[in-house]
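Undergrad: sequence first, predicted model second:
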Amino acid sequence: MSLANVIRKAYRGLRVLYYGCARRYSWVITCFKFHLNAVDFKKDFVSYGVPIVDINLKGRFKVGHGFRFNSGKYHAMGGRQQQCYFVAGPGAEIIIGDNVGLTSAAIISRKRIVIEDNVKIGINTVIYDTDFHSLYAEMRNSVPERIDGVRCADVHIKEGAFIGGHSTILKGVTIGKNSIVGAGSVVFESIPDEQIWIGNPAKFVRNTYGNLYPSEQQTA
C-alpha cells in the first residue's frame, strides 16, 4: 500500500473519530444552552453541531421527541452551511413536534411558529413570523428605528410537510399536511394539504400522492 493511501485512510479514520466526538460534545453544549434559555425539550434529541439559541425571558421554545438537527459548516455539508438559529422575542413561541429534522435552519419568532410532527426542513431554510421592519419609510428611517406596529402573524407547518433547502417561509403562512415546498422557494401564502409548490413566489405545481408508493401511484 502506498504512503498516500495510508495517509488518506488515516485521515478518513480521524474524520470518523472527530464526528463521533462532535456528536457527543454538541449534545452536551446544546443541553446547556437549552437549560440556560428555559427550553422545554426531550433528552433524546440528536445534535450535530451547536445552535444559536436566544429565547427571551418572556418567550417560549418547546421541542418534542426525536428532534435532529445539523448546525454549522462541518455537518451535512451541502453548501451555505451556518449554525441553526432558534430565536424567540418577548411573548413569542416556537413549538416543534416529534421526529422533526432540520439542517442549518433559522427559526425567528416574534409571535408564534408551530412545526408539527414528522416535518423535514432542508438546509439554509429560514422561517419568519414577522416583517422585522415597518412598511413606512419614516418609521424605518427614524433613529432609533421604530418597530411599533411591525406586522407579525403565526406560521404553522403541519405534520409530514417537507421544505426544500434554501427556502424562505414568511409570516402568516400555513403549510399543509404532507405538502412539499421546492428548494429555493419563497412562500408568503398558505399551502393546502397534499400539494407541491415551487418558485419565487411559490406557486402550485400539482397534488402529491399522499401515502402511496410509486408502484401504487401508477394504478391510483
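TA: Looks like it came in fine.

Undergrad: which residues touch stretch 79-87?
TA: 49-55, 61, 69-75, 94, 102-109, 123-124, 166 (C-beta atoms under 8 Å, 6 or more residues apart in numbering). Just so you know, the C-beta spots here come from the backbone N, C-alpha and C atoms, and that holds for glycine as well.

Undergrad: give the buried subset of the residues you listed as a ChimeraX selection command.
TA: With 16 or more other C-beta atoms under 10 Å as the criterion, this ChimeraX line picks the buried residues out of the contacts of stretch 79-87:
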select :49,50,51,53,55,61,69,70,71,72,75,94,102,103,104,105,106,107,108,109,123,124,166
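
Undergrad: relative to H166, how far out is the residue nearest in space to the middle of the chain?
TA: With the centre of the chain defined as its mean C-alpha position, the nearest residue by C-alpha atoms, centre = their mean is A105, 3.9 Å away. A105 is 10 Å from H166, where distance means C-beta to C-beta, to the nearest Å.

Undergrad: pull up the overlap in contacts between those two.
TA: I123, N124, T125.

Undergrad: residues contacting the last one?
TA: Meaning T125. Neighbours of T125 in contact, by C-beta under 8 Å, 6+ apart: L102, A105, A106, I163, G164, G165, H166, S167, T168, I169.

Undergrad: for this structure, what spans make up the helices?
TA: In the chain, the helices defined using DSSP state H lie at 3-36, 137-140, 214-217.

Undergrad: redo those as CSV? Include distance to V181, mean pLDDT and mean neighbour count.
TA: Listed next are the helices of the chain as CSV, based on distance: least, C-beta to C-beta, whole Å; pLDDT from 0 to 100; neighbours: other C-beta atoms under 10 Å:
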stretch, distance to V181, mean pLDDT, mean neighbour count
helix 3-36, 26, 79, 12
helix 137-140, 29, 86, 11
helix 214-217, 20, 56, 9
